[in-house]
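> quick one, structure for this:
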Amino acid sequence: MPTGFGRDFHTQYQKCEWEAVDWRNREYQDALYEKISDRIAVITFNRPEKRNAFSDRMFEDMFAALHQANDDPDVRVVILRGAGICFGAGHELSSPEGEDSPPIHPSHNPTMVDYYGFERRRCSKWETIQDYPKILMAQVHGHCIGASQMVASCCDFVIAADDAQFGIRGFGNYHHGVTDWPMWPLWSNKAFAGRAISEHTGAQAAQIGFINKAVPKEQLEQDTLRWAEALSQLPVDSIAVAKEWLNGSQDITGFGTAQRSHFVEHLLIQYVHFRPYEVNLYKAKREKGLKGFLKDRAATASAEDAKQG
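Numbering: from 1, shown residues only. As a prediction, this is how the structure comes out:
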């Protein structure tokens with residue numbers, strides 16, 4: 001095994017999730033790994049029929065690919081992109097049994113330790129991506145919403161087609177990567193104050209500094225590769241150390257601790273009892289199917305309902 005930042009390198013703060021997923025003899029399916037030059041690797045989300053919605057299996061393929069890129073001492077830049085018409089449609093809401101991780105059902109008689117371990121695994125993926133010791137780039141086209149936007153936001157650089165569509169319904173937006181420094185003010189508070197639903201194009205995202213650059217769709221791959229080639233000239237050791245320092249600084253400012261504290265919030269969410277007029281994803285999906293849930297959610301999220309309180 002060559003010296004340097006290979007599989008023996010561990011981040012200072014935690015054992016990242018990608019380190020636990022082995023890539024050797026792996027048959028990639030939902031995310032594909034390809035080394036396109038000596039220093040550049042590409043991970044392609046490969047569920048075009050599902051708009052590259054993230055299931056647990058696709059996350060695992062992505063982490064295995066990140067592990068493989070990290071084990072290759074020559075790779076310095078990893079590009080994340082989506083197959084088909086978009087980068088990604090967020091979390092998969094219609095995964096067959098066994099392909100995704102719903103909340104732990106009380107019938108399993110789980111303990112608090114069970115809940116915490118499950119939630120930490122489910123939620124630590126964002127730090128896993130952000131703490132990756134090599135340069136990560138997101139090449140975004142089409143829709144990039146929900147969990148897919150969160151994945152892109154945890155990358156160090158984001159280049160998008162000018163007509164790409166970003167958005168996370170129900171949440172503000174925050175770019176987590178290295179290029180976010182200085183972190184204040186958060187763009188969602190500055191540029192979209194008063195908007196409950198922040199949706200914007202690639203061109204708008206570049207204008208307000210949420211991403212690095214927006215380009216015509218036909219130039220997206222060419223420009224991303226040009227950036228990747230330039231970035232791949234940087235010393236790999238210095239990049240890893242710099243990212244470690246920046247992520248440590250986030251802990252000092254409290255952002256790292258705040259990120260990890262939401263595991264506890266998810267524990268509390270496990271115990272939420274929905275009122276009859278509130279939309280419960282798993283209950284509605286079981287009784288009415290995914291389309292029924294989306295219809296109910298659209299009704300409760302309408303402007304008219306909001307006015308009526």
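> run through the helices of the stretch 101-250 of the chain in chain order.
Along the stretch 101-250 of the chain, the segments classed as helices by DSSP state H, counting those that start in this stretch run 112-123, 125-130, 147-153, 187-191, 202-207, 220-231, 236-253.
> how about JSON lines for those, with mean pLDDT added?
Listed next are those as JSON lines, based on pLDDT from 0 to 100:
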{"stretch": "helix 112-123", "mean pLDDT": "70"}
{"stretch": "helix 125-130", "mean pLDDT": "81"}
{"stretch": "helix 147-153", "mean pLDDT": "88"}
{"stretch": "helix 187-191", "mean pLDDT": "46"}
{"stretch": "helix 202-207", "mean pLDDT": "88"}
{"stretch": "helix 220-231", "mean pLDDT": "98"}
{"stretch": "helix 236-253", "mean pLDDT": "81"}
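> now, of those, which is deepest in the fold?
helix 147-153 (a mean of 25; mean count of other C-beta atoms under 10 Å). Glycine gets a C-beta too; all of them are placed from N, C-alpha and C.
> state the pLDDT value of Ile101.
Let me fix one detail, which is that residue 101 is Ser and not Ile. Reported pLDDT at Ser101 in the predicted model: 58.
> cool, and Ser302?
55.
> and the one 5 residues further on, by the same measure?
What the model reports as pLDDT for Lys307 is 47.
> for Arg51, which of the helices of the stretch 101-250 of the chain is the nearest?
helix 147-153 (8.8 Å; C-beta to C-beta).
> helices or strands next to the closest one in the packing?
strand 77-82, strand 135-140, strand 165-169 (3 or more C-beta pairs under 8 Å, 6 or more residues apart in numbering; DSSP states H and E).
> any low-confidence regions in the stretch 1-150 of the chain?
1-15, 95-106, 112, 117, 120-122 (pLDDT under 70).
> can you give me the strands in it?
31-35, 40-45, 77-82, 135-140, 143-145 (DSSP state E, counting those that start in this stretch).
> out of the ones you listed, which gets nearest to Asp251?
That would be strand 135-140 among the strands of the stretch 1-150 of the chain, by C-beta to C-beta, at 19.7 Å.
> that closest one pairs with which strands?
strand 77-82 (parallel), strand 157-161 (parallel) (DSSP bridges).
> got the CA positions of the longest one in PDB?
Once side chains and other backbone atoms are set aside, the C-alpha atoms of strand 77-82 remain, and they are given as PDB (Å, rounded to 0.1, in the frame of the first residue of the first chain):
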ATOM      1  CA  VAL A  77     -10.400  15.300  -7.400                       C
ATOM      2  CA  VAL A  78     -13.800  13.400  -7.400                       C
ATOM      3  CA  ILE A  79     -16.700  14.600  -9.400                       C
ATOM      4  CA  LEU A  80     -20.300  13.700  -8.400                       C
ATOM      5  CA  ARG A  81     -22.900  13.700 -11.200                       C
ATOM      6  CA  GLY A  82     -26.300  12.200 -12.100                       C
END
